[in-house]
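Engineer: compute the structure for the input listed below.
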Amino acid sequence: MFANSLRSLIFLAALVPAAAAAPPPAAAPAESRGDVVMLAEIKGVIGPATLRHVEHAVEMAETRGAEALILQIDTPGGLVVSTRAIIESILASDVPVIGYVAPAGGHAASAGTYILYATHVAAMAPGTNVGAATPIQMGGSTPLPGAEPDLPAPDGGGTSNGGADEETSGAEAPPAGTALDAKSVNDAVAQIRALAELRGRNAEWAERAVREAVSLTANGALDEGVVEFVAADVRTLLVAIDGETVRIGGQERTLATAGLPIERIEPTFLTQALGVIANPNVAFLLMLIGVYGLIYEFATPGSIGPGVIGAIALILGLYALHQLPLNYAGLALIALGLAFMVAEAFSPTFGVLGLGGLVAFVVGAFMLFDTDVPAFRLNASTIVATAASSGLLLIVILGYAVRALMKPVATGIESLSGKIAQVVDWSGAHGHVWVDGERWEAVSDAPLTPGQEVRVVRTERLKLHVAAA
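Structural biologist: Model (predicted):
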């Protein structure tokens, strides 16, 4: 995981800025409006890249004047902000949007249920399922006042907005717990009921999917009025929905989809790049590369390369963090830990600042992303690897500091300590000695004679304390 993330971020650091400057590819014009059906996939955990892909697909379908846009859904859930934005994009579309849960074995769990309910026509392939839409508090933490509640986990049993590895739960509702939990559930119920009423679907089952985390197979969803069609493939679906009437912008429109060609909308390069940098592990590594690159540039002015790479990586990392459910306390701890370790490098405190910074760094990394979605949490191997690298750097810095303190002083009067001198003249406890080609005033507790060799014991301002060698 760590090595893959490192390779991905190096590739993106080189290519994303150039790609961002290039204009988006223009879609080839259709022969006439309404002569094509476009298809885009919602696959995997829903996040910023999924949102960008859906928005691009809706825009493309509207530009081409497509007869319909099919969103092929297979998702365990995802981030609440991205899911709500996708729903808004569907509701605002000027092209009929068909939700199709496929292929066989796929599911529209958690946030996928909300997206399916938002589409103008809902369909499922045999062997798929939908539901388990109970909202779960992310990580058990209390949201800020006015914060949106989390969308459901796919199993309804303890993770937020989809955990791809979770098993489907039964119909028993989780305990309400707190007023905030009840508020979150009631808000989710109101949203999905509003979508059900808008599309004329089963609002009672939708509420049960939220409150009791129930799920349905394709045929069960058809019997319950959750979807309008069950179709084995996209071609069968186009024939089934032909003649179906939908409402777009307050007006009714009859679909004529039978026999139309299907054009797939693939994710653009920038969407794929966003999918990579929106990976928390990549975003975290980009941020660290940026910080360390700038530190190296400031420590060795004129090197230029590390500063340029660090600035680009830091901007990409901060952009990616902005797209993710960030815990600002975790980010503050990481920044504090880095600051302590940098301070240790420039003003050694024999590990006090460095070790404190390393602890703050590790704790902040574990707290950084406020979500229980496994795909949007930092991998433990990434945290361990970066902490170990920082710790190794700290050990190297401390080693240099200790060795520097143990070395004898090489310049100034302090460098004379321990050296052999020769007495030039002496009277009582005072006199002059010759050392390193210079004549110095000296004092000694024992009487000395001219020409005698003595050792410099210590220095005091411009006076040497000597003793017989």
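
Engineer: for the stretch 301-450 of the chain, which segments count as strands?
Structural biologist: Secondary structure of the stretch 301-450 of the chain by DSSP state E, counting those that start in this stretch: the strands cover 420-427, 430-435, 438-443.

Engineer: buried ones in stretch 378-397, by neighbour count?
Structural biologist: Of all the residues in stretch 378-397, those buried under the rule 16 or more other CB atoms under 10 Å are 378-379, 382-383, 385-387, 390-391, 393-394, 397. Where C-beta positions appear, they are placed from N, C-alpha and C, glycine not excepted.

Engineer: one more: stretch 304-324?
Structural biologist: 306-307, 309-310, 312-317, 319-321, 323-324.

Engineer: one more: stretch 293-301?
Structural biologist: For stretch 293-301, by 16+ other CB under 10 Å, it's 293-295, 297.

Engineer: inside helices: which ones of those?
Structural biologist: Secondary structure defined by DSSP state H assigns 293-295, 297 of the buried residues of stretch 293-301 to helices.

Engineer: quick revisit: right, so the strands of the stretch 301-450 of the chain: which one is the most enclosed?
Structural biologist: Counting by mean count of other CB atoms under 10 Å, strand 430-435 has the highest mean neighbour count of these, with a mean of 18.

Engineer: pLDDT weak spots in this structure?
Structural biologist: For the chain, the stretches with pLDDT under 70 are 1-34, 135-181, 345-346, 348-351, 372-374, 397-412.

Engineer: follow-up on the earlier one: can you redo the buried residues of stretch 293-301 as JSON lines with distance to residue 90?
Structural biologist: Shown next, in JSON lines, are these (distance: CB to CB, whole Å):
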{"residue": "293", "distance to residue 90": "41"}
{"residue": "294", "distance to residue 90": "42"}
{"residue": "295", "distance to residue 90": "45"}
{"residue": "297", "distance to residue 90": "46"}
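
Engineer: tell me what residue 251 is bridged to.
Structural biologist: Beta-bridge partners recorded for residue 251 (DSSP bridges): residue 248.

Engineer: residue 245 versus that one, what's the distance?
Structural biologist: Look at residue 251 and residue 245: by CB to CB, to the nearest Å, they are 11 Å apart.

Engineer: compare the two (neighbour count), which wins?
Structural biologist: Shown here are residue 251 and residue 245; by other CB atoms under 10 Å, residue 245 has more neighbours (11 against 7).

Engineer: quick one: the helices in the chain, in order.
Structural biologist: So, for the chain - with DSSP H - the helices run 2-21, 48-64, 80-91, 111-118, 179-199, 203-211, 218-223, 234-241, 269-277, 280-299, 305-323, 328-346, 352-367, 380-406.

Engineer: which one of those helices has the most crowded surroundings?
Structural biologist: When the helices of the chain are compared using mean count of other CB under 10 Å, helix 111-118 is most buried, at a mean of 29.

Engineer: from residue 77, how far out is residue 116?
Structural biologist: On the measure of CB to CB, residue 116 and residue 77 end up 12 Å apart.
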